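Peer 1: this is a predicted model, with the sequence first.
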Amino acid sequence: MKAKSLLKILGILLVIAIIGYMVLSGKVITIGGEEKKVETKNVEQSAENKEVVPKTDGAVAPDVTTTNTPVVGNEELATTIPIAKPAPVVKEATVDTEIVTVPAETATATIAPTTTGAKTVAPAGTPDATPAKTTVAAPEITTTGEDIVEPTVTTPTPTTTTAAPVKQAPKKPLLTFNNPLSYQHINLGLDLKGGVSIVYEAGIKNPSKEDMDSAVELLRKRLNEKNYTEAEVSLQGSNRIRVEIPGIGDPNKAVSEIGRTAELKFYGITDEQFKGIQTDARKEVEALFAQLGMTATEEQIQGMMPTAIIQGIQQKGELVLRGKDISRASMDYEQASQVSPLEPVVKLEMTPVGTKKFANATKKYINNYIVILLDNDILSMPKVNVEIDTGSAVITGMEGEKEAKSVAELINSGALPFELRDIQRTAIEARLGQDALAGSIKAGIIGALLVLVFMFVMYRFPGIVADIALVGYVFLVLAAFSLFNVTLTLPGIAGMILSIGMAVDANVIIFSRLKEELNAGKTTRAAMAAGFKKAMSAIIDGNATTFIIALILYWFGTGPIKGFGQTLMIGLIVSMFTALIVTKILLNSFVDLGVKNPTLFGARLRSKTVMDLKKK
């Protein structure tokens, strides 16, 4: 029994430690392995008592066999410096040949450029003579792709320079995995980090107030589905909508997805019609280039044909189904065949009217095609083999899970009543900034520490157990925020801190009942069981009422109000778990290990009476 209880305690502590480590780590955790270390040895060489000092500027000389060309004025002197270290040929470069005139009395090179890019070498005493030209051939550069370092040369006599990097092979990591619980997955709101502001304009003239309100609600729904709970959507004038999104990673992608019309259409088309559309699309593209006086390449034709094909499908195909006939879309996985791997797809469930329409369409176009369009993009073009009257369909051809999920979200949110054009996009600075965030975090840490001290002083040993559970609570809440990509604002942080108080409140009720039972003369184990049982109803009632309020704020609120309700709900759920389950397991386990003295649990010392002595 004692061994089992000890394992429970150690198991809980280990889980809390692991979750805490994952929360405080980065998005990727690497266990084992070392960073790559490179040490270099720079060797100074001399030639005829003249030093050759490489100018590295902190860089490492590459292992190359090359021609180093020192600069003299506006001219170059080709000096071959062989470096004795073989390397694979990666790329080649050509150095212009030069002919140099050197007097015999001096070692200084006199450079006379020629019109051909070569220089003349003549012995001293015969300045007017024109001897045979000596050409220094440009060697091929053999390099590993690193930058070549030009040395400063004080003599024309070349020597050998060795710059041999000593590399220590890094150890391979034992384990590398993505960390979904990292605090870095927690997004910050407009008040703490800023974001992007987008202004959309209606694609029609004089849109009605009802259509604009419908567009605003659809944009809010799309933002919520993408977990931008702190985003703000508002009307601007009579035909514009402003959207402010906090901490956005890819503004271009978000703008295109959020403002997309998302009109889903199914077109029935025969095989002959589709071949005719392809032929007409090719002729149309070729004619367009001919009008511009150009001859289109096959690559250009194939690049422009999809747009012409979509237009042909919309003109000649039969519209058999619309997005409003779809009741629900979801991402799923299916196999194209028994041996193929699972692939992400979009599963569609149709309304009763849509089921009937789709059954008639698949019956009519057997051995032909049903083309599925989302706005002006072809999502899928399956060939119909049998009539489908089950009210469900699958869109295949998704590039990955993200695309399948995004398409499903767009279909579920519904089509906008009109096209929205992105006319303005600006960055928004944080309204409060990092100082407010740092102050909030500091206040939260100080408050949590004071709560830990209070619980220890007031409730002794149960207070220590509650402190352990409270630390676990903090890590679990942060892990939940990271896992669900919660966007935190100052109201959201306030909701989290408030839930810490709710977690301690449950422990206070339990421990107060526990002390009452101990003071009534019950044993520690019996008092503990009675304390949890009697406190249960009060804890559940108090947390349930608070949870209902938080749910209403999340459901009907927008922006920071919604974020406050979200963080408060998560905190309440986790606090119930830590107070009623984790704390109870720890206390019972410690009692099994022999921690039973009532005074450790806050009971008053009782003086023994004659009746107590007689009982003994």
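Peer 2: Sure, I can see it.

Peer 1: show me the contacts for residue 236.
Peer 2: 199, 242 (CB atoms under 8 Å, 6 or more residues apart in numbering). In this view, the C-beta of every residue, glycine as well, is placed from N, C-alpha and C.

Peer 1: quick check: bridge partners of it?
Peer 2: residue 240 (DSSP bridges).

Peer 1: mind listing the strands for the stretch 451-600 of the chain?
Peer 2: 487-488 (DSSP state E, counting those that start in this stretch).

Peer 1: would you map the helices across it?
Peer 2: For the stretch 451-600 of the chain, helices defined by DSSP state H, counting those that start in this stretch occupy the ranges 490-519, 524-556, 560-577, 583-592.

Peer 1: tally up the residues packed near residue 483, please.
Peer 2: Residues lying near residue 483 (other CB atoms under 10 Å) number 14.

Peer 1: what sits against it?
Peer 2: 180, 181, 185.

Peer 1: dump the helices of the stretch 451-600 of the chain to JSON lines, plus mean neighbour count, mean pLDDT and distance to residue 472.
Peer 2: Compiled in JSON lines, these are given as follows (neighbours: other CB atoms under 10 Å; pLDDT from 0 to 100; distance: least, CB to CB, whole Å):
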{"stretch": "helix 490-519", "mean neighbour count": "21", "mean pLDDT": "83", "distance to residue 472": "10"}
{"stretch": "helix 524-556", "mean neighbour count": "16", "mean pLDDT": "88", "distance to residue 472": "18"}
{"stretch": "helix 560-577", "mean neighbour count": "22", "mean pLDDT": "87", "distance to residue 472": "9"}
{"stretch": "helix 583-592", "mean neighbour count": "20", "mean pLDDT": "90", "distance to residue 472": "10"}
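
Peer 1: now distance to residue 389 too, for these, in JSON lines please.
Peer 2: Shown next, in JSON lines, are the helices of the stretch 451-600 of the chain (distance: least, CB to CB, whole Å):
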{"stretch": "helix 490-519", "distance to residue 389": "48"}
{"stretch": "helix 524-556", "distance to residue 389": "37"}
{"stretch": "helix 560-577", "distance to residue 389": "41"}
{"stretch": "helix 583-592", "distance to residue 389": "54"}
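
Peer 1: returning to that earlier point: make a PyMOL selection of the buried ones in the contacts of residue 483.
Peer 2: Burial among the contacts of residue 483 is assessed by 16 or more other CB atoms under 10 Å; the matching PyMOL selection reads:
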select buried, resi 181+185
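
Peer 1: and which of the contacts of residue 483 is nearest to residue 230?
Peer 2: Within the contacts of residue 483, distances to residue 230 taken as CB to CB reach their minimum at residue 185, with 15.1 Å.

Peer 1: can you tell me which residues contact the closest one?
Peer 2: For residue 185, the contact set (CB under 8 Å, 6+ apart) comprises 27, 481, 482, 483, 485.

Peer 1: from residue 28, how far out is the residue nearest to the third one when sequence neighbours are not counted?
Peer 2: If I follow you right, that is residue 482. Distances taken as CB to CB, 6 or more residues apart in numbering place residue 185 nearest to residue 482, at 4.1 Å, with adjacent residues excluded. According to CB to CB, to the nearest Å, residue 185 and residue 28 sit 12 Å apart.

Peer 1: going along the chain, name the helices of the stretch 201-350 of the chain.
Peer 2: Going by DSSP H, counting those that start in this stretch, the stretch 201-350 of the chain shows helices at 209-225, 251-258, 271-291, 298-316.

Peer 1: domain ranges for this structure?
Peer 2: As given by automatic domain parsing, the domain ranges for the chain are 195-261, 264-415, 434-601.

Peer 1: among those, which is nearest residue 8?
Peer 2: domain 434-601 (4.7 Å).

Peer 1: low-confidence ranges in the stretch 51-200 of the chain?
Peer 2: 51-173 (pLDDT under 70).

Peer 1: now with 50?
Peer 2: 51-162 (pLDDT under 50).

Peer 1: got the contact list for residue 327?
Peer 2: Contacts here follow CB under 8 Å, 6+ apart; on that basis residue 327 touches 349, 350, 351, 354.

Peer 1: for PyMOL, what selects the buried ones among the residues you listed?
Peer 2: Buried residues among these (16+ other CB under 10 Å), as a PyMOL selection:
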select buried, resi 350+354
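
Peer 1: please report how far residue 280 lies from residue 296.
Peer 2: Residue 280 is 15 Å from residue 296, where distance means CB to CB.

Peer 1: one more: residue 235?
Peer 2: 45 Å.

Peer 1: compare these two and say which is more crowded by neighbours.
Peer 2: residue 296 (18 against 14).

Peer 1: can you tell me the closest non-neighbouring residue to residue 394?
Peer 2: residue 345 (5.0 Å).

Peer 1: the one you found and residue 398 touch, don't they?
Peer 2: Yes: at 6.2 Å, residue 345 and residue 398 qualify as touching, with contact defined as CB atoms under 8 Å.

Peer 1: next, show the common contact partners of the two.
Peer 2: Residues touching both residue 345 and residue 398 by CB under 8 Å, 6+ apart: residue 404.

Peer 1: with neighbour numbers in mind, choose between the two.
Peer 2: Neighbour count, other CB under 10 Å: between residue 345 and residue 398, residue 345 has more, with 23 against 20.

Peer 1: tell me who's in contact with residue 347.
Peer 2: If you count contacts by CB under 8 Å, 6+ apart, residue 347 has them with 329, 330, 331, 332, 392, 393, 394, 395.

Peer 1: looking at those residues, which is nearest residue 403?
Peer 2: Nearest to residue 403 among the contacts of residue 347, with distances taken as CB to CB, is residue 331, at 9.3 Å.

Peer 1: right, and residue 451 touches residue 473 too?
Peer 2: No: using CB under 8 Å as the test, residue 451 is too far from residue 473 to be in contact (10.7 Å).

Peer 1: any residues in contact with both of these two?
Peer 2: Common neighbours of residue 451 and residue 473 (CB under 8 Å, 6+ apart) are residue 500.

Peer 1: which one's more surrounded, those two?
Peer 2: Legend: neighbour count by other CB under 10 Å for residue 451 and residue 473, higher for residue 473 (24 against 18).
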